[in-house]
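> predicted model, plus sequence, below.
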Amino acid sequence: MSTFDGKVVVITGAGSGIGRALARELAGRGARLALSDVDTEGLAETAKLCTDLGAEVKTDRLNVAEREAVLVYADAVHAHYGVIHQIYNNAGIAHHGDVDQTTFKDFERVMDVDFWGVVNGTKAFLPYLEESGDGHVINISSLFGLIAMPGQSAYNAAKFAVRGFTEALRKEMLVGKRPVKVTCVHPGGIKTAVARNATVAGNHDQASVAELFDKYLAIHSPEMAARTIVDGVRRGRGRVLIGWEAHALDLLARVTGSGYQRVIALTSGRFLP
């Protein structure tokens with residue numbers, strides 16, 4: 001896919017952060033957009049930014065964890081545009097807490113949005129992407145889909161699951177010679193509201209966790225992330241890493257195997273609240 005001009009692109013979690021930046025980046029490249037989020041005010045702001053760039057935009061409130069709603073949404077987008085070329089399964093939430101302090105409900109909530117939301121979006125839109133003859137599934141995992149971190153068990157579980165699901169899907173498309181490319185994205189520290197909006201277990205302070213992320217880990221802008229993702233999609237890459245830290249920690253895990261876990265355990269205590 002050498003151009004995005006005229007392509008119909010679906011982006012979940014488009015009300016802020018990487019989702020909004022993706023919408024603006026693709027609007028500037030001539031794409032027609034189907035944007036969704038649970039945050040309707042943020043979504044409306046994103047839509048205005050994109051229409052100001054001349055893009056055609058359809059907006060809908062959507063909770064990606066609600067499977068039947070996602071299936072209905074896919075049909076509605078197809079009915080509106082007549083074709084769908086790409087879906088960016090971007091919507092996600094975060095939770096910080098040790099395993100013994102994180103409730104079953106917290107695990108389920110993160111998995112419902114971060115993993116099942118990706119599965120729901122992929123399966124709902126895949127027939128339409130294949131029908132287009134030029135489809136592409138882009139699933140947003142995380143640096144924490146490459147390495148595990150203490151206090152991130154729920155998020156790690158979901159993002160590792162997204163990685164496995166997406167890599168398996170890509171192989172299926174290649175084996176079946178089906179006209180759908182698949183990309184898994186692993187952002188590092190991006191300046192978004194994900195940490196400020198995260199829930200925390202009882203043994204952690206939400207404000208401290210958010211302050212840590214914003215001060216030390218939020219290195220890159222959402223706009224930089226969006227440009228990197230779109231360039232990877234244009235090139236048809238199976239995996240896109242965003243940020244030097246994502247590349248460095250991925251290499252550490254590849255070189256040391258499980259040895260990286262001890263390195264993380266020894267160093268994280270100095271930074272984690």
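Nice, I can see it.
> rest of the way, CA atoms for contacts and neighbours
Will do.
> which stretches of the chain form helices?
17-28, 40-51, 67-81, 104-110, 116-132, 153-175, 206-212, 222-235, 244-256, 259-268 (DSSP state H).
> TSV for those, including mean pLDDT, mean neighbour count and distance to residue 91?
Formatted as TSV, these follow (pLDDT from 0 to 100; neighbours: other Cα atoms under 10 Å; distance: least, Cα to Cα, whole Å):
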stretch	mean pLDDT	mean neighbour count	distance to residue 91
helix 17-28	97	24	8
helix 40-51	98	18	12
helix 67-81	98	16	12
helix 104-110	97	16	11
helix 116-132	98	21	7
helix 153-175	98	19	12
helix 206-212	56	16	19
helix 222-235	96	19	14
helix 244-256	93	15	20
helix 259-268	86	13	27
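> out of those helices, which is closest to residue 190?
helix 222-235 (6.1 Å; Cα to Cα).
> by contact count, what packs against that closest one?
Helix 222-235 sits against helix 17-28, strand 180-187, strand 239-242, with contacts defined as 3 or more Cα pairs under 8 Å, 6 or more residues apart in numbering; DSSP states H and E.
> can you put these in TSV and add distance to residue 8?
TSV is the format used below for these (distance: least, Cα to Cα, whole Å):
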stretch	distance to residue 8
helix 17-28	10
strand 180-187	14
strand 239-242	21
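> what score does the residue lying closest to residue 180 once chain neighbours are set aside have for pLDDT?
Nearest non-adjacent residue to residue 180, counting by Cα to Cα, 6 or more residues apart in numbering: residue 135, 4.3 Å away. Residue 135 carries a pLDDT score of 97 in this model.
> what bridges to residue 97?
residue 152 (DSSP bridges).
> that one - how many residues pack around it?
Residue 97 has 23 neighbouring residues, counting by other Cα atoms under 10 Å.
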